[in-house]
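# Here is a sequence with its predicted model. Questions after.
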Amino acid sequence: MSLLKKLAGETALYGLSSILGRVLNMMLLVPLHTRTLRDTSDFGAVVDLYATSAFLMVILSYRMESAFFRFGTPKEDRDRAFSTGMLSIFSSTAIIALLLLVFAQPLADALQYPNHPEYVRWFALILAFDCLAELPFARLRLEQRPIRFVTIRLTNIGVNISLNLFWLWLCPLLAKQGHEWVRWVWSPEGGAGYVFLANVIASGVTLLLLLPEFFKVHFRFDTTMWKQMVGYAAPLIIVSLAGIVDEMFSRSMLKYLLPGTPKENLGQVGVFGANYKLAALITLFTQAYRYAAEPFFFRHADDKDALKTQADVTKWFTIAGATGMLGILLFLDLVKYFIAPKYHDGLHVVPVLLVANLLLGVYYNFSVWYRLKDRTGLGAWISIAGAAITIVLNLIAIPKFGYTGAAYVTVICYAFMSWATWYTGSKHYPVPYRLGRMFWYGASALGLALIAAWITPELGPIARWALRLAFFGAYLGMVWRIELSKTPK
């Protein structure tokens, strides 16, 4: 239990930046973007380009941070692993970023943004800055320095949000009031470009704050260690790329597979992306948990109770995720106003995507075993199978059912990957997961939400909210009774 408390404490600290960043994004940036960008296609461009950049980020970083956790955990090897990884990433990032800058216009044409090659240039810089920051952030995590980690992350969030508010809200307001100086720093045609430019500056500031970590790089490249690190990380690159296919492929392909014009299809991407943001609220805890969990499990892999600890952690993770899912579904009438009303046509996919994101979190827990046992190749094959399912089913579902079909494909993919990772893990690293109890928590949360959705429309406002609060309280009471009550069960 002391280890669980330690992991919970680190999760809370890392979550301060991860969760706060996403909460502020939901409370400020998503409402700002969906209300100030001219139409759904403009927001669709934001969704589309961030989805595309996720693929490139994996290629640029080639999961060197995971390899650093593996080979840099012994203190005597840490500086050597860090320096080797940083020199490798710096070289490859410089080459790829330069190519993106040089070929910005052809790439913009291929992405159906022929009038905005600057979008590609902004993203080349964002990707380069963020990639160079990956390994220094990983070192802070491995050395258990969450305060510095959180401080830098929060600074990034503050700069990004401030610049978004400045360009998308304050400048238009000042321009309407006749302040001509605004035209020197803002143009009404800038639109989505200001979202990307704000990110460029925020990522640049982050890189400057990480300079003390860069000074720890010794210009000695260890070829033998580099081969070991790349060999370890190579299957994880496939895992990550496949994972991004699972999560992002539908958003990237909607504009190509739907029957409308490019502008109409981007509008559908915007609607789907906005509602995906609502469902992604459940991943706030997942992100914070992952920051703390990966180095945590490496540090304690040899403990005698390591398997039981992982089982307990996964159970409580499922409880937290299911509770979040229930809360969002019960109070979706309020949550939906984080996005503009013109995006509400897509609310019907939120429950489906919430189930998908819960399964994704469970998969992350199940997948720990192949990192600990150096069986990343097997994890890669599972991820490839999941990506294949995603691609094939989306190619079938999107033309017929649009983004609704894409949402259901996401559930199918994550369900398969969770099962496959658990099944293979049970053969090689038999963690005693409480699968029946985990399923019960997820199913009962979804069942309560469905019952509430069926009953409450017939009730008045006070009775409706009272019943929803009662359902949520009953669920928490059930968890307490099963997990924390001293009464024999």
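Nice, I can see it.
# Identify all contacting residues around stretch 315-335.
Residues outside stretch 315-335 that contact it (Cβ atoms under 8 Å, 6 or more residues apart in numbering) are 4, 278-279, 281-282, 284-286, 289, 347, 350-351, 354-355, 357-358, 361-362, 365, 433-434, 437-438, 441-442, 444-446, 448-449, 452-453, 468, 471-472, 475-476, 479, 483. Bear in mind the C-beta positions are built from the backbone N, C-alpha and C, glycine included.
# buried subset of those residues?
The neighbour-count criterion (16 or more other Cβ atoms under 10 Å) marks 278-279, 281-282, 284-286, 289, 347, 350-351, 354-355, 357-358, 361-362, 365, 433, 438, 441-442, 444-446, 448-449, 452, 468, 471-472, 475, 479 among those as buried.
# I'd like to know which of the residues you listed are part of helices.
Using DSSP state H, the members of the buried ones among the contacts of stretch 315-335 that fall within helices are 278-279, 284-286, 289, 350-351, 354-355, 357-358, 361-362, 365, 438, 441-442, 444-446, 448-449, 452, 468, 471-472, 475, 479.
# For the closest residue to Thr376 other than its chain neighbours, grab the count of nearby residues.
Spatial nearest neighbour of Thr376, excluding adjacent residues (Cβ to Cβ, 6 or more residues apart in numbering): Pro235 at 3.8 Å. Here the number of neighbours of Pro235 (other Cβ atoms under 10 Å) works out to 22.
# Repeat that for Met478.
15.
# ok, now Trp454?
Trp454 is flanked by 9 other residues according to other Cβ under 10 Å.
# Same check on Leu332?
As a burial measure, the neighbour count of Leu332 was computed by other Cβ under 10 Å and equals 18.
# ranges for the strands of the stretch 201-350 of the chain?
Listed in chain order, the stretch 201-350 of the chain contains no strands at all (DSSP state E, counting those that start in this stretch).
# Tell me how far the residue of the chain most remote from its centre lies from Tyr423.
Taking Cα atoms, centre = their mean as the measure, the residue most remote from the mean C-alpha position of the chain is Gly178, 40.6 Å away. In this structure, Gly178 and Tyr423 are separated by 67 Å, where distance is defined by Cβ to Cβ, to the nearest Å.
# try Tyr441
Separation of Tyr441 from Tyr423 (Cβ to Cβ) stands at 21 Å.
# Leu32 now?
Between Leu32 and Tyr423 the computed distance is 44 Å (Cβ to Cβ).
# So for the two, which residue has more residues nearby?
When Leu32 is set against Tyr423 and neighbours are counted by other Cβ under 10 Å, the residue ahead is Leu32, at 18 against 11.
# With adjacent residues omitted, what lies nearest to the more buried one?
Leu168 (5.7 Å).
# now do Tyr62
Ranked by Cβ to Cβ, 6+ apart and with sequence neighbours excluded, the top spatial neighbour of Tyr62 is Ile237, at 5.3 Å.
# What separation do you get for the one you found and Glu76?
Noted for Ile237: a distance of 27 Å to Glu76, by Cβ to Cβ.
# Please say which of these two ends up with more neighbours.
In this comparison of Ile237 against Glu76, neighbours counted by other Cβ under 10 Å, the higher total goes to Ile237 at 20 against 6.
# isn't the more buried one right next to Met64, touching?
No. Ile237 sits out of contact with Met64 when judged by Cβ atoms under 8 Å, with a separation of 9.6 Å.
# circling back to that earlier point, counting neighbours, what do you get for the residue nearest to Leu32?
Summarising burial for Leu168: neighbours were counted as other Cβ under 10 Å, giving 22.
# and the longest helix for this structure?
The chain, longest helix under DSSP H: helix 376-428.
# what's the angle between it and helix 350-366?
Put simply, helix 376-428 runs at 80 degrees to helix 350-366, going by axes from the mean of the first three to the mean of the last three Cα atoms, to 10 degrees.
# what packs against helix 376-428?
Contact analysis of helix 376-428 by 3 or more Cβ pairs under 8 Å, 6 or more residues apart in numbering; DSSP states H and E lists helix 223-257, helix 262-279, helix 350-366, helix 368-372 as its packing neighbours.
# quick one: which of those helices has the weakest pLDDT on average?
Taking each of these in turn, the one with the lowest mean pLDDT is helix 368-372, at a mean of 79.
# Let's see that one as PDB, backbone CA atoms only.
In PDB, the C-alpha atoms belonging to helix 368-372 read as follows (Å, rounded to 0.1, in the frame of the first residue of the first chain):
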ATOM      1  CA  VAL A 368       3.400  -2.700 -19.000                       C
ATOM      2  CA  TRP A 369       4.500  -6.400 -18.900                       C
ATOM      3  CA  TYR A 370       6.200  -6.400 -22.300                       C
ATOM      4  CA  ARG A 371       8.300  -3.400 -21.500                       C
ATOM      5  CA  LEU A 372       9.400  -4.900 -18.200                       C
END
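# Check which helices and strands it sits against.
Contact partners of helix 368-372 among helices and strands, from 3+ Cβ pairs under 8 Å, 6+ apart: helix 283-299, helix 376-428.
# How far off centre is that helix?
20 Å (Cα atoms, centre = their mean, to the nearest Å).
# do you know how far Leu174 is from Trp186?
With distances defined as Cβ to Cβ, the gap from Leu174 to Trp186 amounts to 8 Å.
# Also Leu393?
Remark: distance between Leu393 and Trp186 (Cβ to Cβ) = 43 Å.
# ok, now Val217?
The spacing between Val217 and Trp186, counted by Cβ to Cβ, is 38 Å.
# again, but for Val200
Shown here: Val200 relative to Trp186, a distance of 16 Å by Cβ to Cβ.
# CA atoms of whichever strand or helix holds Leu49 as PDB?
Secondary-structure element containing Leu49, defined by DSSP states H and E: helix 40-61. Below are the C-alpha coordinates for helix 40-61, written out as PDB (Å, rounded to 0.1, in the frame of the first residue of the first chain):
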ATOM      1  CA  THR A  40     -16.400  24.100 -38.200                       C
ATOM      2  CA  SER A  41     -13.900  23.600 -41.000                       C
ATOM      3  CA  ASP A  42     -11.400  26.000 -39.400                       C
ATOM      4  CA  PHE A  43     -11.500  24.000 -36.200                       C
ATOM      5  CA  GLY A  44     -11.300  20.900 -38.300                       C
ATOM      6  CA  ALA A  45      -8.000  22.200 -39.600                       C
ATOM      7  CA  VAL A  46      -6.700  22.400 -36.100                       C
ATOM      8  CA  VAL A  47      -7.900  18.900 -35.300                       C
ATOM      9  CA  ASP A  48      -6.500  17.500 -38.500                       C
ATOM     10  CA  LEU A  49      -3.100  19.000 -38.300                       C
ATOM     11  CA  TYR A  50      -2.600  18.000 -34.600                       C
ATOM     12  CA  ALA A  51      -3.600  14.500 -35.600                       C
ATOM     13  CA  THR A  52      -1.100  14.400 -38.400                       C
ATOM     14  CA  SER A  53       1.700  15.800 -36.200                       C
ATOM     15  CA  ALA A  54       1.200  13.000 -33.700                       C
ATOM     16  CA  PHE A  55       2.500  10.500 -36.300                       C
ATOM     17  CA  LEU A  56       5.500  12.700 -37.000                       C
ATOM     18  CA  MET A  57       6.300  13.200 -33.300                       C
ATOM     19  CA  VAL A  58       6.700   9.400 -32.900                       C
ATOM     20  CA  ILE A  59       9.100   9.300 -35.900                       C
ATOM     21  CA  LEU A  60      11.100  12.200 -34.700                       C
ATOM     22  CA  SER A  61      11.500  11.000 -31.100                       C
END
